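Q: pasted the sequence and its predicted model underneath.
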Amino acid sequence: MIRTTILGGMLALAPLTASAQATLTAETTTPGSTPHYIDSTLAAVLDSAGVATMQITEGATLTNSVQAVAEGRLDMAPAPLILPFLLSRGIGPYSGVGPEKGAELASNIRVIFFNAGSAQLLGYYNSNPIEDIRDMSGKRIWNGPPRGAALTSGRAMIQLLSGAKDGEDYEGVQTPWPDTVSTITGGSVDAWTIPEGLPSGREISLAAAGGITIHDVPSDLLASELGQQIMAAPGHAPYSVPIEDFRKAYEGNDITVVVDDDSFDSFATAFGQIVPATLDEQLVYDITKAYLEGKDRFINGSPRGPFAMMSFGDIDGVSQGACGAVQIKMHPGAIRAFEDAGHSIADCLRP
């Protein structure tokens, strides 16, 4: 992992209030991902506003980051919402923590804003096509890192598309995130399923080695009982982008996008930007206020900005992947900042 202090400008040009800035420790994903874009932009916004300096560790394993925030060892991290859910029950990657301790730790997590910018997709090389995405038995499919939210979502995607289960009907291949592209381009898998932001640098890198095809979830499968269960599962949220916008995002690359209607529809990985419940309320208010005022910078600072699906308005909870199986709360400082900006917050998100 790489630790980077993002100052948002040269020291000589720093705001006069810099001496009063807080210093926040944060962890995020690898460069090129939606969480990394949000965190790096947030760091620049907070520094420009004279609120805080973020010391960011890149390429972190978010399973560990979530626990570090819960334990108060880390100030901020992007969290796939399934992880606080699993922590609260002491299951999955947190089975070693146990239910009692897990519930205690999860109760110390608060969200300051949400996003759902990574949609699950299926891809393969045109030189070795999947003839029928509803039949993937016997295939070797890269479906995530060795553990965590992405692997859970990847397995759900293949089961939804074809009914196939990892280890029974197909061979799931897992590698750490930094090895994803090399594993796939090396030809050792028949297809891949990954939660990707739009546009995805990873998919563009894969296409550089040969033309690829990307599929969304066909409408009938998304509307099926299993599809609706997966859509409402902990850590998921609805995702839909007009197909012309989706294709335009990959214009100039050898990427074919297949859908059955006029939009790219799938389930998103729901994220919350989390902090410890004990983080100073006024500081959280200032952070969230700067975030809301920096909307244009977040939206226009990258081609993926318009599709990051960050929360800048009313928050009903359900649209953000919360207030269902995931029972997570927002920080009072964040709630106050949203309300002062004229936005409503669902009661289920209040501590």
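A: Yep, it's here.

Q: pretty sure residue 53 contacts residue 26?
A: No: using Cβ atoms under 8 Å, residue 53 is not in contact with residue 26, being 10.3 Å away. Glycine gets a C-beta too; all of them are placed from N, C-alpha and C.

Q: between these two, which contacts overlap?
A: Common contact partners of residue 53 and residue 26 (Cβ atoms under 8 Å, 6 or more residues apart in numbering): residue 43.

Q: for stretch 306-319, buried residues please.
A: 307, 308, 309, 310, 311, 312, 315, 317, 319 (16 or more other Cβ atoms under 10 Å).

Q: swap in stretch 77-96?
A: 77-90, 92-94.

Q: ok, stretch 52-60 next?
A: By neighbour count on 16+ other Cβ under 10 Å, the buried set for stretch 52-60 is 52, 53, 54, 55, 56, 57, 58, 59, 60.

Q: SS state for the last one?
A: With DSSP: H, G, I helix; E, B strand; the rest coil as the basis, residue 60 sits in coil.

Q: next up, the contacts around it.
A: 1, 27, 28, 29, 77.

Q: then residue 316?
A: Contacts of residue 316 (Cβ under 8 Å, 6+ apart): 323, 346.

Q: how about the strands of this protein, start to end?
A: Listed in chain order, the strands of the chain (DSSP state E) span 2-6, 22-27, 52-58, 77-80, 109-125, 140-144, 171-174, 191-196, 212-215, 236-242, 255-258, 263-276, 329-330.

Q: by how many degrees do the second one and strand 263-276 diverge?
A: Orientation of strand 22-27 against strand 263-276 (axes from the mean of the first three to the mean of the last three Cα atoms, to 10 degrees) gives an angle of 130 degrees.

Q: okay, strand 22-27 in CSV with CA atoms only?
A: Provided in CSV are the C-alpha atoms of strand 22-27 (Å, rounded to 0.1, in the frame of the first residue of the first chain):
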residue,chain,number,x,y,z
ALA,A,22,-7.1,19.0,11.2
THR,A,23,-5.1,16.1,9.9
LEU,A,24,-7.2,13.1,9.0
THR,A,25,-5.9,9.5,8.4
ALA,A,26,-7.7,7.7,5.6
GLU,A,27,-7.5,4.6,3.5
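
Q: now, the most widely separated pair of the buried residues of stretch 306-319?
A: 307 and 317 (21.4 Å; Cβ to Cβ).

Q: low-confidence ranges in the protein?
A: Low-confidence segments of the chain (pLDDT under 70): 1-20.

Q: at 50 instead, please
A: Applying pLDDT under 50 to the chain picks out residues 5-19.

Q: ranges for the helices of it?
A: For the chain, the helices defined by DSSP state H occupy 34-48, 62-70, 82-89, 99-106, 149-162, 180-185, 201-207, 219-222, 225-231, 243-249, 281-293, 295-300, 332-340.

Q: could you identify which of those helices is most buried?
A: Mean neighbour count (mean count of other Cβ atoms under 10 Å) peaks for helix 82-89 among those, with a mean of 25.

Q: tell me what it is packed against?
A: Helix 82-89 sits against helix 62-70, helix 99-106, helix 149-162, strand 263-276, with contacts defined as 3 or more Cβ pairs under 8 Å, 6 or more residues apart in numbering; DSSP states H and E.

Q: of these, which approaches residue 192 most closely?
A: Per Cβ to Cβ, nearest to residue 192 of those: helix 149-162, 8.5 Å.

Q: residues touching the closest one, excluding its own?
A: Contacts to helix 149-162, defined as Cβ under 8 Å, 6+ apart, come from residues 62, 80, 82-83, 92, 120, 122, 133-137, 141, 143-145, 164-166, 169-170, 172, 174, 193-195, 215, 217-218, 221-222, 224, 226-227, 230, 233, 235-236, 267, 269.

Q: just to revisit the earlier point, right, and the strands of the chain - which one's nearest residue 347?
A: strand 329-330 (10.7 Å).

Q: ok, that closest one: who's next to it in the sheet?
A: strand 109-125 (parallel) (DSSP bridges).

Q: so for the partner strand, what gets flagged as buried?
A: Quick answer for strand 109-125 (16+ other Cβ under 10 Å): 109-125.

Q: between helix 34-48 and that strand, find me the angle.
A: Interaxial angle of strand 109-125 relative to helix 34-48 (the same axes, to 10 degrees): 140 degrees.

Q: centre of the chain to strand 109-125, how far?
A: Relative to the mean C-alpha coordinate of its chain, strand 109-125 is positioned 3 Å out (Cα atoms, centre = their mean, to the nearest Å).

Q: CA atoms of stretch 187-201 as PDB?
A: Taking C-alpha atoms only, stretch 187-201 is exported to PDB below (Å, rounded to 0.1, in the frame of the first residue of the first chain):
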ATOM      1  CA  GLY A 187      -5.700 -15.800 -20.800                       C
ATOM      2  CA  SER A 188      -6.300 -18.000 -17.800                       C
ATOM      3  CA  VAL A 189     -10.000 -17.300 -17.500                       C
ATOM      4  CA  ASP A 190     -13.000 -17.400 -19.900                       C
ATOM      5  CA  ALA A 191     -14.700 -14.300 -18.500                       C
ATOM      6  CA  TRP A 192     -14.800 -11.900 -15.600                       C
ATOM      7  CA  THR A 193     -17.400 -10.200 -13.500                       C
ATOM      8  CA  ILE A 194     -16.300  -7.000 -11.700                       C
ATOM      9  CA  PRO A 195     -18.000  -4.000 -10.000                       C
ATOM     10  CA  GLU A 196     -16.800  -1.100 -12.100                       C
ATOM     11  CA  GLY A 197     -17.200   2.600 -12.200                       C
ATOM     12  CA  LEU A 198     -17.900   4.400 -15.400                       C
ATOM     13  CA  PRO A 199     -15.700   4.600 -17.400                       C
ATOM     14  CA  SER A 200     -13.500   2.000 -15.900                       C
ATOM     15  CA  GLY A 201      -9.700   2.200 -16.500                       C
END
